[in-house]
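*Asks:* sequence and predicted model, in that order:
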Amino acid sequence: MSDAIHLTSVERMELERRAGSRTGRAEDARRARLILLLAEGHTWDEACEQVPCSRGFVASWTKRFEEQRLAGLYSRHLGQVATVLTPQLEARILEATRRGPRDGATHWSTRRLGEHLDVSHMMVARVWRKHGLRPHRIERYMASNDPDFEKKAADIIGLYLNPPAHAAVFCVDEKTAIQALDRKDPVLPLSPGRLERHGFEYFRHGTLSLYAAFNTKTGEVLGKAAARHTSAEFVAFLTDIVLNQPRGKEIHVIADNLSTHKTEQVKEFLENHRNVRLHFTPTYSSWLNQVELWFAKIERDVIARGVFTSVADLKRKLMRYIRQYNKAPRTVKWKYADPSRHIGTDSVVTGH
């Protein structure tokens, strides 16, 4: 490009003064020399070589000079003025964070809140870090509506912390509708710099349910696969638990409130086995059942990434995992994070 810039005598004198100044800013001198070269008829490429600079630099400052003349050659930074974090400003940031945005968004980011309050986004980040605020994160919870929550929770936690002498305590539940998924495409194995890769498409070969009884004292698991989760299957599994314990030994079974756990068949079983006692968790409180932790483990280790060619293959791999796990079982360490607070809402489980 070679379109010459036309200068007035006053503009030329000012630009020559800036270009030859030994006390002014070097950037001001560069811009002045650029405009003078273009006014003399030099092309952009020639100006880039003599200043030196890029074509983007030429385009930007030429446009600003043509629009605003000499005033356009001054640097104007859009950055924010440094702000001192005062207690009042910190309180404003905290209050705005708590209230949330009003433009339809669900939460603030540091930059959006900084723009809203006209402060640095790094200042917002420092305040959030200081007070442990993470608006982009959420935690989910399930509130129990059981009027006897504390009584039932205390009963179960008591079995964990202070079980009856010479008695066995089992946490029992069923993991239902486990799918036997077979990958349509071959699994590409893990290699340096590359993750294991599974094809997107898969075949469904059916489902089964896994009954598990977690021994809270030893950590061992008694497992049984079933085609369906019915009351009859549950009673059959309770029978298996009884047969795996010494005759007449007191057995405490912790289970959830599933309807199949409270049928007439179950009541009849309990009448015939006086040494077995069922303890039901409060409603919406499956976290009190330690077997749920073990279910999460088998989900991670076997089910989530498993490839199963049939329901029978799925059953075989689940049972094999249980046998291997029982060679080195692990118990759950159950404790309160803060015993002075409301029972059941602040207990913490560790282990596995």
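*Replies:* The structure has been received and is ready for your questions.
*Asks:* can you pull out the helices in the protein?
*Replies:* Assigned by DSSP state H, the chain shows helices spanning 9-20, 26-39, 44-50, 55-68, 87-99, 110-117, 121-131, 149-161, 231-243, 264-272, 291-298, 311-325.
*Asks:* show me what counts as buried in the last one.
*Replies:* What that stands for is helix 311-325. Using 16 or more other Cβ atoms under 10 Å as the test for burial, helix 311-325 gives Val311, Leu314, Lys315, Lys317, Leu318, Tyr321, Ile322, Tyr325. In this view, the C-beta of every residue, glycine as well, is placed from N, C-alpha and C.
*Asks:* now the shortest one
*Replies:* If you call a residue buried by 16+ other Cβ under 10 Å, then helix 44-50 has these buried ones: Trp44, Ala47, Cys48.
*Asks:* the longest strand belonging to the chain pairs with which strands, parallel or anti?
*Replies:* As assigned by DSSP state E, the longest strand anywhere in the chain is strand 167-183. Take DSSP bridges as the rule and strand 167-183 pairs in its sheet with strand 202-215 (antiparallel), strand 250-255 (parallel).
*Asks:* in the first one, which residues are buried?
*Replies:* The one in question is strand 202-215. Using 16+ other Cβ under 10 Å as the test for burial, strand 202-215 gives His205, Leu208, Ser209, Leu210, Tyr211, Ala212, Ala213, Phe214, Asn215.
*Asks:* count of residues packed around the residue lying closest to Trp61 once chain neighbours are set aside?
*Replies:* Leaving aside its sequence neighbours, Trp61 sits nearest to Arg31 (Cβ to Cβ, 6 or more residues apart in numbering; 5.3 Å). By other Cβ atoms under 10 Å, the residues close to Arg31 number 25.
*Asks:* what do you get for the one 4 residues further on?
*Replies:* Ile35 is surrounded by 27 other residues when neighbours are defined as other Cβ under 10 Å.
*Asks:* could you dump the buried residues of helix 44-50 to JSON lines with distance to Asp301?
*Replies:* Shown next, in JSON lines, are the buried residues of helix 44-50 (distance: Cβ to Cβ, whole Å):
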{"residue": "Trp44", "distance to Asp301": "65"}
{"residue": "Ala47", "distance to Asp301": "67"}
{"residue": "Cys48", "distance to Asp301": "63"}
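*Asks:* so which residue is smack in the middle of this structure?
*Replies:* Nearest to the mean C-alpha position of the chain, counting by Cα atoms, centre = their mean, stands Arg137 at 7.6 Å.
*Asks:* follow-up on the earlier one: Gly223: which of the helices of the chain is closest?
*Replies:* For the helices of the chain, the distance to Gly223 is smallest for helix 311-325, at 4.4 Å, taking Cβ to Cβ.
*Asks:* just to revisit the earlier point, tell me how far the residue nearest to the centre of the chain lies from Thr106.
*Replies:* For Arg137, the distance to Thr106 (Cβ to Cβ, to the nearest Å) stands at 12 Å.
*Asks:* show me how this structure divides into domains.
*Replies:* Domains of the chain are assigned by automatic domain parsing as 9-73, 87-131, 153-351.
*Asks:* could you redo those as a markdown table and give each row distance to Met142?
*Replies:* Shown next, in a markdown table, are those (distance: least, Cβ to Cβ, whole Å):
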| stretch | distance to Met142 |
| --- | --- |
| domain 9-73 | 57 |
| domain 87-131 | 21 |
| domain 153-351 | 5 |
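*Asks:* Tyr141 is nearest to which of those domains?
*Replies:* domain 153-351 (8.8 Å).
*Asks:* from the chain's centre, how far out does that closest one sit?
*Replies:* 24 Å (Cα atoms, centre = their mean, to the nearest Å).
*Asks:* returning to what we had before: tell me the contacts of the residue nearest to the centre of the chain?
*Replies:* Residues near Arg137 by Cβ atoms under 8 Å, 6 or more residues apart in numbering: none.
*Asks:* just read off the phi/psi values of it.
*Replies:* With angles defined as degrees, to the nearest 10, Arg137 sits at phi -110, psi 150.
*Asks:* tell me how far it lies from Ser109.
*Replies:* 12 Å.
*Asks:* mean pLDDT and distance to Ala143 for the domains of the chain - can I get that in a markdown table?
*Replies:* As requested, the domains of the chain are arranged in a markdown table below (pLDDT from 0 to 100; distance: least, Cβ to Cβ, whole Å):
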| stretch | mean pLDDT | distance to Ala143 |
| --- | --- | --- |
| domain 9-73 | 85 | 59 |
| domain 87-131 | 91 | 21 |
| domain 153-351 | 88 | 7 |
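*Asks:* right, and these - which one's nearest Asp146?
*Replies:* Proximity to Asp146, assessed across those by Cβ to Cβ, is greatest for domain 153-351 (3.9 Å).
*Asks:* circling back: distance of the residue nearest to Trp61 from Gly20?
*Replies:* Counting by Cβ to Cβ, the gap from Arg31 to Gly20 is 13 Å.
*Asks:* repeat that for Glu196.
*Replies:* 67 Å.
*Asks:* in this structure the residue nearest to Trp61 contacts Ser75, no?
*Replies:* No: in this structure, Arg31 is not within contact of Ser75 by Cβ atoms under 8 Å, at 9.1 Å.
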